[in-house]
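[1] build me a model:
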Amino acid sequence: MRAARLASTVVTAAVLLGAATACGSKGGDAKGGDAAPAGDPKAALAASALVMQKAGNGKVTMVSPDGSTHTAGSGDADWKDPNRTAVDLTGEVETKKIRFRVIGTDGYLGGGDTEAAAMGGKHWIKLPASNELGDGVLLMSQLLDPVAQLGLAAQSGKPAKVGQESLDGVQVTHLRVVEEASAMVAGMPALTADQRTAVQKSLEQDGRTLTIDFWLNGRQELVQYQEYGDKNGEHDAVTVKYADLGKAAKIDAPAATDLGSETDLLKLLG
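    Below you'll find the model as predicted:
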């Protein structure tokens, strides 16, 4: 079923992201600055969580394992309020440009004018919370919040410094954490019990042990994040890039007059 496959795509991509809430710096371009100073890896991750929390929002790009943004997405994310994470991404699903928008616990799927023509001129569909697809979009928003992932890694993981590297022309510090999938899921308080079960099941398809990489710049901003399981290895990892911290566009719910019905979902997906 197309909807189920889309939910799987959303959850799989989201699971590689970050659900952490942080404080620090004035934000700015996550690609700037010198490499983060050497020191205790846990302290570095905790400090980055504070920096990202202070920034509150930013531009996010999900890069799929083949090196493109195909089946992934890019756009804005706002994690200022951990109970009302907002995400607005555009990705590609089976050659269609599909938008994913989440405001708190409300998830929406949308398309452009071509897709709207098949839905009576409506651009968006609100997803029921109990629907697998709705759960997947909600999970994606939770996992795109960088603060929780950084905080969880600092608290429960076993971080180590990989080294100083150059990323997109900027010197960064590469940190690595190895932790159990169950520990990652336990650190997601915003999820319901059912969602937690679904996420853990999805994570453990890649392995019970997860390797999570973080790249921090000299301002201790999270520039890049990557996660993969022990079954598939690094070649299957989705990469998440953060930039323009504090400069994301405001994310509002679609207008009620622009919402189609749930029966339009298959029309939207083709």
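[2] just the helices in the stretch 51-200 of the chain please.
    113-117, 132-143, 146-156, 181-186, 193-204 (DSSP state H, counting those that start in this stretch).
[3] what segments of the protein are strands?
    All strands of the chain, identified by DSSP state E, fall at 57-63, 73-78, 86-93, 96-103, 106-110, 124-127, 160-167, 170-180, 209-216, 222-229, 238-243, 259-260.
[4] and of those strands, who's closest to A253?
    Checking the strands of the chain against A253 by Cβ to Cβ gives strand 96-103 as the closest, at 4.8 Å. All C-beta atoms are positioned from the backbone trio N, CA, C, and that covers glycine.
[5] how about the closest one: buried residues?
    I98, R99, F100, R101, V102, I103 (16 or more other Cβ atoms under 10 Å).
[6] okay, among those, which ones form the most distant pair?
    Going by Cβ to Cβ, the pair spanning these furthest: I98 and I103, at 17.1 Å.
[7] would you turn the helices of the stretch 51-200 of the chain into a markdown table with mean pLDDT and distance to T257?
    Conversion of the helices of the stretch 51-200 of the chain to a markdown table gives the following (pLDDT from 0 to 100; distance: least, Cβ to Cβ, whole Å):
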| stretch | mean pLDDT | distance to T257 |
| --- | --- | --- |
| helix 113-117 | 85 | 13 |
| helix 132-143 | 69 | 21 |
| helix 146-156 | 85 | 34 |
| helix 181-186 | 72 | 38 |
| helix 193-204 | 70 | 30 |
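[8] just the C-alphas of stretch 218-227, formatted as CSV.
    This file holds the C-alpha atoms of stretch 218-227, laid out as CSV (Å, rounded to 0.1, in the frame of the first residue of the first chain):
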residue,chain,number,x,y,z
GLY,A,218,33.8,25.8,16.6
ARG,A,219,30.6,27.4,18.0
GLN,A,220,29.5,24.0,19.2
GLU,A,221,26.6,24.0,16.8
LEU,A,222,25.5,20.6,15.4
VAL,A,223,26.4,20.7,11.7
GLN,A,224,25.7,17.1,10.7
TYR,A,225,24.2,14.0,12.3
GLN,A,226,24.2,10.4,11.1
GLU,A,227,23.0,7.1,12.6
